[in-house]
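> model this:
(one chain, ligands or ions: 1)
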Amino acid sequence: MPRDQSAGGCVSVATDARPRIALIAAVDRQLGLGKDNTLVWHLPEDLRRFKQLTMGATLLMGRKTAESLGRALPGRTNLVLTRSGQVPYAGMQAVTSLQDALEQTNGERLWVIGGGEIYRLALPLADEIHLTRVDAEFDVDTWFPPIAKDEWQTVESEHYPAGAERKLGFSLITLRRVTN
Ligand SMILES: NC(=O)c1ccc[n+]([C@@H]2O[C@H](COP(=O)([O-])OP(=O)(O)OC[C@H]3O[C@@H](n4cnc5c(N)ncnc54)[C@H](OP(=O)(O)O)[C@@H]3O)[C@@H](O)[C@H]2O)c1
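This next block holds a predicted model:
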């Protein structure tokens, strides 16, 4: 059985029992995520989609992303991956590894909401990626990891062009892991 030990623990990834992990991110054309621990664009439609997809679910975020949120996200379980055992805000819960986070989900999907370090850690085990890709390039210091074309297929893609309704065009893209 293949194993991933990158989270400091040992996560089983048998193909018939792959953990249900979805990554959700907003990226620019170069897979840029943010700068100085903050987002660099404001896209209300992306925030609405994020809320709609994740409400009621268990979220996993890195400690830096947790700090950038300013509070726990309401209506969801907020798990924070950290080596410190400390969380920045009330309503968040520290976890020490991806395996630890998966054990908190009772078999439900785990939504990995960033940032760059946590996406890199979780991508090899993920089965779905929900991307909002903005039609621009920004000055960023954090990136989403490369998405191998032969491992992922686009199952949904909708483009929303810039215009009177919005300054910034974007696409909503759902990718699913290719299974053999
Ligand atoms: N565009 C988007 O959709 C999106 C989404 C989320 C975040 N972001 C952006 O991404 C940036 C933050 O990302 P980042 O990569 O700098 O930080 P991050 O992934 O949010 O957090 C990194 C922290 O996670 C903890 N960590 C990482 N690997 C770990 C492991 N194996 N075991 C235990 N703890 C571990 C460590 O916390 P400790 O130091 O406490 O141990 C580490 O400092 C910000 O700019 C934010 O705005 C963008």
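> C-alpha from now on. contacts and neighbour counts both.
OK.
> may I ask which helix or strand of this structure has the lowest mean pLDDT?
strand 3-4 (a mean of 39; mean pLDDT, DSSP states H and E).
> which residues in this structure form strands?
Counting by DSSP state E, the chain has strands at residues 3-4, 11-12, 21-27, 32-34, 58-62, 77-81, 92-95, 110-112, 128-134, 142-143, 152-160, 170-177.
> can you list the strands that the longest one pairs with?
I take that to be strand 152-160. strand 170-177 (antiparallel) (DSSP bridges).
> centre of the chain versus the partner strand, how much separation?
12 Å (C-alpha atoms, centre = their mean, to the nearest Å).
> what does stretch 112-131 give?
The answer for stretch 112-131 is 5 Å, by C-alpha atoms, centre = their mean.
> swap in stretch 58-70?
Centre to centre, stretch against its chain (C-alpha atoms, centre = their mean), the figure for stretch 58-70 is 10 Å.
> buried residues of it, list them for me.
Using 16 or more other C-alpha atoms under 10 Å as the test for burial, stretch 58-70 gives Thr58, Leu59, Leu60, Met61, Gly62, Arg63, Lys64, Thr65, Ala66, Glu67.
> try stretch 27-40
So for stretch 27-40, counting by 16+ other C-alpha under 10 Å, buried means Val27, Asp28, Gln30, Leu31, Gly32, Leu33, Gly34, Asn37, Leu39.
> stretch 92-109 now?
If you call a residue buried by 16+ other C-alpha under 10 Å, then stretch 92-109 has these buried ones: 92-102, 105, 109.
> near the ligand too, which of those?
By C-alpha under 6 Å from any ligand atom, the members of those lying near the ligand are Thr96, Ser97.
> how about the buried residues of stretch 92-109 in JSON lines, adding distance to Arg49 and pLDDT?
Compiled in JSON lines, these are given as follows (distance: C-alpha to C-alpha, whole Å; pLDDT from 0 to 100):
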{"residue": "Met92", "distance to Arg49": "22", "pLDDT": "98"}
{"residue": "Gln93", "distance to Arg49": "24", "pLDDT": "98"}
{"residue": "Ala94", "distance to Arg49": "26", "pLDDT": "98"}
{"residue": "Val95", "distance to Arg49": "26", "pLDDT": "98"}
{"residue": "Thr96", "distance to Arg49": "28", "pLDDT": "97"}
{"residue": "Ser97", "distance to Arg49": "27", "pLDDT": "98"}
{"residue": "Leu98", "distance to Arg49": "24", "pLDDT": "97"}
{"residue": "Gln99", "distance to Arg49": "27", "pLDDT": "96"}
{"residue": "Asp100", "distance to Arg49": "27", "pLDDT": "96"}
{"residue": "Ala101", "distance to Arg49": "23", "pLDDT": "97"}
{"residue": "Leu102", "distance to Arg49": "23", "pLDDT": "96"}
{"residue": "Thr105", "distance to Arg49": "21", "pLDDT": "94"}
{"residue": "Arg109", "distance to Arg49": "17", "pLDDT": "97"}
